[in-house]
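A.B. asks: This is a predicted model, with the sequence first.
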Amino acid sequence: MQDEADDALMRRAGHGDKAAFAVLLRRHLARATAVAQRIVGNRSDAEEIVQEAFLRCWQKAPEWRPANDRAADGQANRAQFATWLYRVLVNLCLDRRRRPQPVELEAAGEIADGAADGYDQRLRNETSRRVATAMAALPERQRAALALCYYEDMGNIEAAAALEISVGALESLLVRARRALRDSLADLATENAKERG
Amino acid sequence: MMKLDRFTELLDAYGAEPRRWPGGERSAAQGLLSVSAEARARLAAAAALDALLDQAADRPLAGGGALEEARLARLSARITAAPQTPLGESRQPRDRGLWVKAAGLAAAALIGFIVSWTQLVDMGPASTSTLSTTTSFDVAEDLSW
């Protein structure tokens, strides 16, 4: 069962197969939590949202049909499981409409780097804090686009489907997000470039 | 070959890592990179921003190993304890809502018709003397049998 495709597992879950659902959960939980955390800005809200998204998956599983299954009702182009999951997840995140705390000092402190000495660690934490602040200042949809495409390496077509927008609109969100980040982190980028040079 | 403007848009949207570029444009972008010093300079600038963004990259999930397994098992058990939506049931409220709206509109139209018709009947004889050229009152007159 561990090697089964998402759509097959979802179909089994639709027949009440809890073990199949557990495999789906295990497969997608970490990535879904990371995406949600980047959009809403904090771990506890992200976990709540991810649980809600998976609850909807379980509840709707009996109605699940994969994209290549042109069902008798004639509804074509159904989403693949992952696309559908991330669409639900992103919508839940955007519906939350709760601005994240701009700075998560505790979270920045979580980043572990055993090799770094105290000064380097503080520098890393400071940079991480600045980046987190700049990310938190972005509009939520830009942050969602960045979370999916940049941090989760999702393809542009899949990410656009998750956000329910065109690929062109997705690119526009990404461009605006990166330009805003570049502007607010310009001093750090310059320092980085000098260190590299 | 890709133009520099489009290459810059790619960098602005997806960053400096070719694996994040759209598959259909990746080879054209790499072709431009191999011949254009300006493209390489812009790639380096995008890479500097990427390096910063990577410092906010994945934070390790809490727990791990047995702890994470236990968390997963608890979560899975909690979710699958919820009842599933029987096939077709989730569409009913939406369909029912549509019928209610349609019935409401029909009722409003009917009431509107009755009210206007009644007014026309009431106003008929009195109005026709002053507004004899108005078609609607001509109709009202016809209706006031």
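C.D. replies: Arrived safely, thanks for sending. Keep in mind it's a predicted model, so treat the numbers as computed, not measured.

A.B. asks: quick one: contacts for the closest residue to A:E140 other than its chain neighbours?
C.D. replies: Counting by Cβ to Cβ, 6 or more residues apart in numbering or on different chains, the nearest residue to A:E140 once its immediate chain neighbours are dropped is A:L94, at 5.5 Å. Backbone N, C-alpha and C define where each C-beta goes, glycine included. By Cβ atoms under 8 Å, 6 or more residues apart in numbering or on different chains, the contact list for A:L94 reads A:39, A:140-141, A:144.

A.B. asks: tell me which element A:L94 is part of?
C.D. replies: Assigned by DSSP states H and E, A:L94 belongs to helix A:81-96.

A.B. asks: How about A:R31?
C.D. replies: Judged by DSSP H and E, A:R31 forms part of helix A:18-40.

A.B. asks: Show me what that helix packs onto, helices and strands only.
C.D. replies: helix A:6-14, helix A:43-60, helix A:81-96, helix A:140-146, helix B:66-80 (3 or more Cβ pairs under 8 Å, 6 or more residues apart in numbering or on different chains; DSSP states H and E).

A.B. asks: Burial-wise, tell me which of the ones you listed comes out on top.
C.D. replies: helix A:140-146 (a mean of 24; mean count of other Cβ atoms under 10 Å in any protein chain shown).

A.B. asks: Quick one: list the elements packing against that helix.
C.D. replies: If contacts are counted by 3+ Cβ pairs under 8 Å, 6+ apart, helix A:140-146 sits against helix A:18-40, helix A:81-96, helix A:118-136, helix A:156-163, helix A:167-184.

A.B. asks: Can I get it in CSV, CA atoms only?
C.D. replies: Output of helix A:140-146 as CSV, limited to C-alpha atoms (Å, rounded to 0.1, in the frame of the first residue of the first chain):
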residue,chain,number,x,y,z
GLU,A,140,-1.1,36.4,1.6
ARG,A,141,-1.6,35.3,-2.0
GLN,A,142,2.0,36.3,-2.9
ARG,A,143,3.2,34.4,0.1
ALA,A,144,1.2,31.4,-1.0
ALA,A,145,2.7,31.5,-4.5
LEU,A,146,6.2,31.7,-3.1
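
A.B. asks: what's the farthest-apart pair in the contacts of A:L94?
C.D. replies: A:I39 and A:R141 (8.9 Å; Cβ to Cβ).

A.B. asks: which residues sit in contact with the closest residue to A:Q59 other than its chain neighbours?
C.D. replies: In this structure, A:Q59 finds its nearest non-sequential neighbour in B:T85, 5.0 Å apart by Cβ to Cβ, 6+ apart. By Cβ under 8 Å, 6+ apart, the contact set of B:T85 is A:59-60, A:62-63.

A.B. asks: One more: A:A13?
C.D. replies: A:20-21, A:24, A:57-58, A:61, A:64.

A.B. asks: so where's chain B uncertain?
C.D. replies: Scanning chain B for pLDDT under 70 picks out the ranges B:57-67, B:88-100, B:120-145.

A.B. asks: Tell me how far A:V35 lies from chain B.
C.D. replies: Using Cβ to the nearest Cβ, to the nearest Å, one obtains 11 Å as the distance from A:V35 to chain B.

A.B. asks: Now do the same contact list for that residue.
C.D. replies: Here A:V35 is in contact with A:86, A:89-90, A:93, A:144, A:147-148, A:151-152 (Cβ under 8 Å, 6+ apart).

A.B. asks: Lovely, talk soon.
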